[in-house]
Structures are given as C-alpha cells and as structure tokens.
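Trainee: Next input, structure requested:
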Amino acid sequence: MSTLDCDFLVMGTMKYLLGLPGIAFLYVRDPAGAARDPRLTGWFGRRDPFAFDPTTLDFADGADRYRVGTASVPAAYAACAGLRLLSETDPEQVRDHVHDLAELAADRLRAHGEDVEILPRPSRGAHLGLRAHDPAKLGLALEERGISVAPRGEVVRIALHYYNNADDVDALCSALAELRDSASPSPARTTRR
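Mentor: A predicted model of the protein is given here:
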C-alpha cells in the first residue's frame, strides 16, 4: 500500500476480482492512530467479541476495530479462487487486454451500424454502452442467446474481462445482427397479374 500512499483503501472481490458479493477489505495505514472511530462496526470489532454486551461500545485495538460480523463463507471461497486465478496474471496485461477487447467490440459494433459509447484511453474501463430503443428487451433477447449484458438507462452495458476474447465479440455481433434482421419488416411482396 505504500505505492498508493493512502491512509484508507476499501475494495471488494466481486466482479472484476472474480468473487461474489459479501467480501470486502479495508486497509488502514495506522489503525491505532486513526483520528476517527469506525462508523460501522460489528461484534468482531469489539475488545471481547464473545461478551455479547450490547450496552458497551469498546472498539478493539489495532485493525480489529474495523471488523464487522461473520464473513460469508461461500463468498470467501469464491474470493480465494478468484484471487488465486488472477494472481497468475499480470495486471497490466489484463488491463491492456480488456481495453483492446472493448475497442475491438466498439469498432465491430459500429461497423454493423450500432450506436456505441466508449471512453477513450486511459479513462476506459471494461464497459461499453450500446444504445438501444428498448435496452431491457434487447438485454433479455441477448440473454436468451447466452450473452449476459446489463440494461442501464438508454444503453445496454457490455462488460468485458480477461477471460473474454474476440470470439465473444463475434458472438455478440452475430446475435445482434440476427436480432436486428428478425426485427426488420420484410419487404412488401408484389404480385404480377
């Protein structure tokens, strides 16, 4: 944490660290000298957690004062597995891969006539927005084709990660083309007499 030069850092393992909801970490540079008492505490944050005294708020010494309740065991297992997988990667390679893949997806979608929003580098994250007339309907149709997206306001949010590749982008573009084709009215037939 000395590289970040921060006093407090909160992070969780959900989503991009391949974990589930329910696990988060708090780094405190100097827990004993922190100018503020915790605003949220649980029974593990007490001097004697097994006293079960609801009338006394006696924060534990050191970093334990910031602990809350019992951790979610399934989330802890998922967090350990996700962190183990990601520890075998280079974070800069992960970032570059995700940025490149987002750019590839945006380019291919635009080539198919889609209206896409994406931030420029270096601000780019792992998301791009696909404008849609009915994002919820489009999200459900893509889900039926095995493609998970998230409708958000006027866009369908497409989120990418290190495990995604160009084949996933191709599958998305194909599914969208299929959906757009099926939604297009068929040309009127003319009959000859």
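
Trainee: Show the low-confidence segments of the protein, by residue range.
Mentor: Within the chain, the segments meeting pLDDT under 70 span 1-2, 32-35, 184-193.

Trainee: how does it divide into domains?
Mentor: Here the domain parsing of the chain from automatic domain parsing is 8-87, 91-183.

Trainee: Please produce JSON lines containing those, extended by mean neighbour count.
Mentor: Just so you know, the C-beta spots here come from the backbone N, C-alpha and C atoms, and that holds for glycine as well. Listed next are the domains of the chain as JSON lines, based on neighbours: other C-beta atoms under 10 Å:
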{"stretch": "domain 8-87", "mean neighbour count": "14"}
{"stretch": "domain 91-183", "mean neighbour count": "15"}
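
Trainee: Alpha carbons of stretch 106-120, as CSV, please.
Mentor: In CSV, the C-alpha atoms belonging to stretch 106-120 read as follows (Å, rounded to 0.1, in the frame of the first residue of the first chain):
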residue,chain,number,x,y,z
ALA,A,106,-16.8,-0.9,-30.3
ASP,A,107,-15.3,-1.0,-33.8
ARG,A,108,-17.1,-4.1,-34.9
LEU,A,109,-20.4,-3.0,-33.5
ARG,A,110,-20.1,0.4,-35.2
ALA,A,111,-19.2,-1.4,-38.5
HIS,A,112,-22.6,-3.2,-38.1
GLY,A,113,-24.4,0.2,-37.7
GLU,A,114,-24.7,0.1,-33.9
ASP,A,115,-24.5,3.3,-31.8
VAL,A,116,-21.8,2.6,-29.2
GLU,A,117,-20.4,4.7,-26.4
ILE,A,118,-16.9,4.0,-25.1
LEU,A,119,-14.5,6.2,-23.1
PRO,A,120,-11.1,7.0,-24.6
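
Trainee: ok, and what's touching it?
Mentor: Outside stretch 106-120, the residues that touch it by C-beta atoms under 8 Å, 6 or more residues apart in numbering are 102-103, 105, 124-125, 128-131, 155, 169-170, 172-173, 176-177, 180.

Trainee: Can you show me the strands along this protein?
Mentor: Secondary structure of the chain (DSSP state E): strands at 8-12, 24-28, 116-117, 127-131, 150-152, 155-159.

Trainee: In TSV, list these along with distance to residue 63.
Mentor: Output for the strands of the chain, formatted as TSV (distance: least, C-beta to C-beta, whole Å):
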stretch	distance to residue 63
strand 8-12	11
strand 24-28	6
strand 116-117	41
strand 127-131	33
strand 150-152	35
strand 155-159	33
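
Trainee: closest to residue 92 out of those?
Mentor: The closest of the strands of the chain to residue 92 is strand 8-12. By C-beta to C-beta, the value is 18.0 Å.

Trainee: got the contact list for residue 168?
Mentor: residue 160.

Trainee: Go again with 10 Å.
Mentor: Each residue near residue 168 by C-beta atoms under 10 Å, 6 or more residues apart in numbering is listed here: 101, 105, 147, 158, 160, 161.
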